[in-house]
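Colleague: no sequence for this one, just the structure:
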């Protein structure tokens, strides 16, 4: 299994901290955000390579970080230099697939969140399902739902509907940016793009994919800390206690 880490954003809301430095390498406690994610996932012994997708502006920072790690980490530079010219998460995934010839099951995650639970639980759930999977958590705030991916599920966790940033959310199940794709479904990213699925938000491909094949949504067993601006970053640094 490969782990694809989406890290090509410019984090403009965190300027000046991220004006010349990537958000995923900001420190939270005694580790960077990426260290928390990679070190946890690696404990599953399921991933044989980590692929960090970066923009051109920050690629060297990730390369230097990768050199400090014991895991096999490949940094892919998508060639963009500004927030206005970014490819978007879904096109970045396809860029990495084409660049590296990826042909495997894949855990796809955003590189700018920390969790208080182990992602190994999600990996195990996905392998057991033998299908592409996402995570979900209950969100009562309609305003937050309207800025996220929202899923509808049946009694067996199967997604029966998903929409990115809905004006009128059809459920209270919010989908964070952590996904598992089977090898066969990863090959469908290009078809999804060609079919007109959104390419900026990573959940747009899931929304399209779930209309083509079975995709399941595991209830998140803990809390996700989303680092969106300086205030939330300062709060996470104070509150985060690591993985339980």
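Modeller: Nice, I can see it. Everything numeric in this text was worked out from a predicted model, so none of it was measured.
Colleague: Go through the longest helix seen in the chain and flag the buried ones.
Modeller: Using DSSP state H to define each element, the chain has its longest helix at helix 89-100. Under the neighbour-count criterion of 16 or more other C-beta atoms under 10 Å, helix 89-100 has 89-97 buried. Every C-beta, even on glycine, is put in place using the N, C-alpha and C of the backbone.
Colleague: Tell me which residues are up against that helix.
Modeller: Here helix 89-100 makes contact (C-beta atoms under 8 Å, 6 or more residues apart in numbering) with 4, 6, 8, 51, 53, 74, 76, 78, 87, 102, 108, 177, 186, 189-190, 192-193, 197-202, 204-205.
Colleague: Stretch 115-124 too?
Modeller: Identification of contacts with stretch 115-124 by C-beta under 8 Å, 6+ apart yields 1, 36-37, 40-41, 43-44, 46, 107, 109, 133, 135, 178, 180, 218, 220-225, 240-244.
Colleague: So which of those residues belong to helices?
Modeller: Mapping the contacts of stretch 115-124 onto helices (DSSP H) picks out 36-37, 40-41.
Colleague: Pretty sure residue 161 is one of the things residue 170 touches, is it not?
Modeller: Yes: in terms of C-beta atoms under 8 Å, residue 170 counts as a neighbour of residue 161; the distance is 6.3 Å.
Colleague: now the helices for this structure?
Modeller: Per DSSP H, the chain carries helices over the ranges 33-42, 59-66, 89-100, 120-129, 142-145, 183-186, 189-194, 203-209, 230-239.
Colleague: what would those look like in TSV with mean pLDDT and distance to residue 21?
Modeller: TSV is the format used below for the helices of the chain (pLDDT from 0 to 100; distance: least, C-beta to C-beta, whole Å):
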stretch	mean pLDDT	distance to residue 21
helix 33-42	97	12
helix 59-66	98	6
helix 89-100	98	19
helix 120-129	96	29
helix 142-145	90	27
helix 183-186	98	30
helix 189-194	98	29
helix 203-209	95	26
helix 230-239	95	12
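Colleague: can you pull the contacts of residue 227?
Modeller: Going by C-beta under 8 Å, 6+ apart, residue 227 touches 14, 23, 26, 28, 33, 112-114, 233, 236.
Colleague: on that earlier part again, which neighbours do residue 170 and residue 161 share?
Modeller: Joint contacts of residue 170 and residue 161 (C-beta under 8 Å, 6+ apart) are residue 152.
Colleague: quick one on the thing from earlier: give the buried subset of the ones in helices among the contacts of stretch 115-124 as a PyMOL selection command.
Modeller: Buried members of these, defined by 16+ other C-beta under 10 Å, are picked up in PyMOL with:
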select buried, resi 36+37+40+41
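Colleague: Could you single out the nearest of the ones in helices among the contacts of stretch 115-124 to residue 61?
Modeller: Distances from residue 61 to the ones in helices among the contacts of stretch 115-124, taken as C-beta to C-beta, are shortest for residue 37 (16.0 Å).
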